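[1] any chance you could fold what I've pasted below:
(chains A and B)
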Number of protein chains: 2
Amino acid sequence: MKLATIKDGSRDGQLAVVARDLKTAHMGDAIAPTMQAALDDWAFISPQLDALYLQLNAGQARRAFDFDPSACMAPLPRACGWAVGAAWPHHLELDYRARGVEAPAWLLDEPLMAQGASGDLLGPCDDIVLAFEEWGIDFGAGLAAIVDDVPAAATPDEAHGRIRLLILANDVSLRNLMGDELGKGGGPLQSKPATGFSPVAVTPDELGDAWRGGKLHLRLRSSLNGNLVGQPDAGADMAFNFPQLIAHLCKTRRLRAGSIVGAGPVSNKERSGRGAVAPGYSCIAQARSVETIADGAASTPFMRFGDTVRIEILEEKGKSVFGAIEQKLVKA
Amino acid sequence: MKLATIKDGSRDGQLAVVARDLKTAHMGDAIAPTMQAALDDWAFISPQLDALYLQLNAGQARRAFDFDPSACMAPLPRACGWAVGAAWPHHLELDYRARGVEAPAWLLDEPLMAQGASGDLLGPCDDIVLAFEEWGIDFGAGLAAIVDDVPAAATPDEAHGRIRLLILANDVSLRNLMGDELGKGGGPLQSKPATGFSPVAVTPDELGDAWRGGKLHLRLRSSLNGNLVGQPDAGADMAFNFPQLIAHLCKTRRLRAGSIVGAGPVSNKERSGRGAVAPGYSCIAQARSVETIADGAASTPFMRFGDTVRIEILEEKGKSVFGAIEQKLVKA
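    Down below sits the predicted model:
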C-alpha cells in the first residue's frame, strides 16, 4: 500500500491512498483524516485503506484523481519523533580519514544516532529556505521507517514487526555549523534545518523481495541540477539495519506510533569487476571527503541558491517507488 | 490562565482549564479538544479559554470538578518538539571542574542545547519506569516554555512574544550512559529517557512580576523521598533566558506551535550574607560534582528503585503555581 498526505491548508494535511504506479490517488477521509490518525490505530485502519488501495489499482475507486507530488506535504508534516542513524559507516570512515582522525573503535559496534527536529518536516517539492550559502548547505539522501508503538528495550526482531511504512528522506545539513556543535556534546541542532520527505510512504509488503533483512535492496538515486551524482545500493554496506536502529533508539524508552527512524546518508564502498556501478555519493560532504583524501583539498562546492536536488528510488522496470523528492534551495 | 491535559485513554488526552488555586477544573472540550488544538489556533481559542478561566475562578463555571494532578497527562503528551538548553552554566562549570577538565570558552557565549525525544512525555504523577539502577538514574528539575509558531531566525525579542505557556520539567538523565554518547558527537539519546512535566501549564501573564526579562524569578523546589534537596532561584544565575534559548534553537529553522523549549537543571552559585538560602541542587549529578571537587569522590547515590522525586514552585504565599511533579522510580 502507498499513502500520501495532501496539502489542504491545515497543519497535518489529509490522508490519501496512492496507486502503485503513482498515477492516481484517492482521499482517505472516509477512513482516517490524517496519516497520524491511521498510525494511531493501524490494526483497525490499515485494512480499510488496503481495500481502497486494491480498488484504486484496479481502476475501480469512485473518486480517484490524478496524483500530483507537488501537492504533497511530508507524509507526517509534524511527527512526534525523528532520529537518524549513520547506518553506512563507510561515509563516516571517509569523513574521519579526510580529517586525518583515526576512526573510533565503536564505529562498527553501534550506530551513531542523533535526535532530530520533527515539528516541521517538508514536503517533497517544498523549497529548502535558508539564509546563507556560507553555512555549507548539503543535501543528505537517506531512507526512514515510520514505526507503530515500540516498547522500551524491544529487540531488533520485535522492532522489525513494528515498521509500518518506509519513506525517502532529504536530511539537509549545514556542514560549516556542524563541527562546532558536535564538539560541544549536545549533538546537531542549528546544523540540521528542516528535513524533506518523499511524496509517498510505502508499506514493507509492497516492496517484495527488495525489502529483506531489515534493509531495502534498491539503489537510491541522487541528482543535482539534473546530473546524477549518486546511485548507491541501500542494501549494501549497511552495518545497522532498520530493526537494529530502532532497537538502539528504544533501549531506555518506548517509541510512539508515528515516530520516524532514519538511516543515511546511503554510502557504498567502490566495487571493481564486471557490472560494477560507480556508487557516487548521497551527500556532498562525502564527495569532499574523497577529494580531500585524494587531492588534499575538496573541490565539489556545497549547494548554491537556485540548486535543485532530486532523490528517488527506481524499481527494476524503472518505475519510481516512493515518488521523487525534488527540492530547490532558495534564499530566505 | 492555567491549563491541563486530563487522561481519557486517548493518546493526547483532553484539554481542561484549571482554577488559579488548583482546586477545581473544567473540561475545555466545548472550546478545543486538546492542548495542541488550542495552540494550533491560539489567537482564536485562548480568549475563550480565558473567559472560562475567569468563570472558574469566580466559582461560576457550570461543570467544575475537583482537580486531581494524578489524573493529568503531560500538558502535551506527544509534542512536535522538545529541546533543552543548559541555561545555568554554574551546573556545567561544576561538572567540568569535577572531571578536571577546563571549562570551554563558549560556555557563557551560547547555550549548550540538545534535541530531546518529544513523542512520549510523562504526566506529573506517572512512574519513571527504567530497567537498571546501574544506568545512573538522575532527576533534573527545570522549566520549559511552550511556544506558538516561531519564524526561522527570530530575534530574542520576537521569540519572547511567542511564548504561550510555561511548565515545570523533570528531565531525567541516565548519567552512566551519557559520557559515551556525548563523546560520539550525536548528542544524548539513550541517556535521555522520557521526561515528566507539571500538571498545569501557565500563561506568562498569570505569573505577574515573577516573570520578567524572560526568566521566572521563583525558587524551584526539589525533594527526594520527602527531603528538600534543592531550592535555587530560577531567576538567578540564568545566563540565557527563554527568548535567547528559543532564538538559538530557531536560528536555521522555524518552530511550530506546541514545540517545547526547556531550560535546566536550575543551579545557583552559593551566596553568603544575611538571608542567604542554600540553593542545593536540581539534579544529583551536581551534588556529586560538588562532592568530587571537595572530597575527591562523590557520595550522593543516584536514584534507587522506589525513590520518589517531587518538583514544585511555590509562590510567596506558599501556593503551588504549576502543581507538583511527583514521580516514583520503578523497575521495568
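[2] just the pLDDT for the residue in the stretch 51-200 of chain A that chain B sits nearest to.
    Residue nearest to chain B within the stretch 51-200 of chain A: A:Gly187 (1.8 Å; C-beta to the nearest C-beta). C-betas here are computed from N, CA, C, even on glycine. You'll see A:Gly187 listed with a pLDDT of 95.
[3] which ones are touching it?
    A:Ala114, A:Gln115, A:Glu181, B:Ala114, B:Gln115, B:Gly185, B:Gly186, B:Gly187, B:Pro188, B:Leu189 (C-beta atoms under 8 Å, 6 or more residues apart in numbering or on different chains).
[4] which residue packs closest to it, ignoring adjacent ones?
    Nearest residue to A:Gly187, sequence neighbours excluded (C-beta to C-beta, 6 or more residues apart in numbering or on different chains): B:Gly187, at 1.8 Å.
[5] which helix or which strand is home to the one you found?
    In this structure, B:Gly187 sits in neither a helix nor a strand according to DSSP states H and E.
[6] and if you look at A:Arg97?
    Going by DSSP H and E, A:Arg97 is in helix A:89-98.
[7] which residues of the stretch 101-250 of chain A lie near chain B?
    Taking C-beta under 8 Å from any C-beta of the partner chain as the criterion, the neighbours of chain B within the stretch 101-250 of chain A are A:104, A:106, A:112-120, A:129-131, A:135, A:152-153, A:174, A:177, A:182-194, A:248-249.
[8] so which of the contacts of A:Gly187 are in strands?
    A:Ala114, A:Gln115, B:Ala114, B:Gln115 (DSSP state E).
[9] dump those into a markdown table; add pLDDT and distance to B:Ile146 as well.
    Listed next are the ones in strands among the contacts of A:Gly187 as a markdown table, based on pLDDT from 0 to 100; distance: C-beta to C-beta, whole Å:
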| residue | pLDDT | distance to B:Ile146 |
| --- | --- | --- |
| A:Ala114 | 97 | 23 |
| A:Gln115 | 97 | 19 |
| B:Ala114 | 97 | 18 |
| B:Gln115 | 97 | 16 |
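[10] pick the one among these closest to A:Arg304.
    A:Ala114 (26.1 Å; C-beta to C-beta).
[11] can you tell me the closest non-neighbouring residue to that closest one?
    Distances taken as C-beta to C-beta, 6+ apart put B:Gly186 closest to A:Ala114, at 3.9 Å, once the chain neighbours are dropped.
[12] so that neighbour makes contact with A:Met113?
    Yes: using C-beta atoms under 8 Å, B:Gly186 is in contact with A:Met113, at 5.5 Å.
[13] so where's chain A shaky on pLDDT?
    Applying pLDDT under 70 to chain A flags no residue at all.
[14] domains in it, by residue range?
    As given by automatic domain parsing, the domain ranges for chain A are A:2-67, A:77-331.
[15] ok, how many other residues are close to the residue lying closest to A:Gln55 once chain neighbours are set aside?
    Leaving aside its sequence neighbours, A:Gln55 sits nearest to A:Ala61 (C-beta to C-beta, 6+ apart; 4.5 Å). Using other C-beta atoms under 10 Å in any protein chain shown, A:Ala61 is surrounded by 19 other residues.
[16] now A:Ala61: how far from A:Asp8?
    19 Å (C-beta to C-beta, to the nearest Å).
[17] ok, A:Arg212 next?
    Taking C-beta to C-beta, one finds A:Arg212 at 36 Å from A:Asp8.
[18] cool, A:Asp126 as well?
    15 Å.
[19] neighbour count for those two, which is higher?
    More neighbours surround A:Asp126 than the other of A:Asp126 and A:Asp8, with 22 against 15 (other C-beta under 10 Å).
[20] what's the closest non-adjacent residue to A:Ala159?
    Nearest one to A:Ala159, counting by C-beta to C-beta, 6+ apart, is A:Ile246 at 3.8 Å.
[21] would you mind giving the secondary structure of that neighbour?
    Here A:Ile246 is helix, with the state taken from DSSP: H, G, I helix; E, B strand; the rest coil.
[22] that one against A:Val261, yeah?
    Yes: using C-beta under 8 Å, A:Ile246 is in contact with A:Val261, at 5.2 Å.
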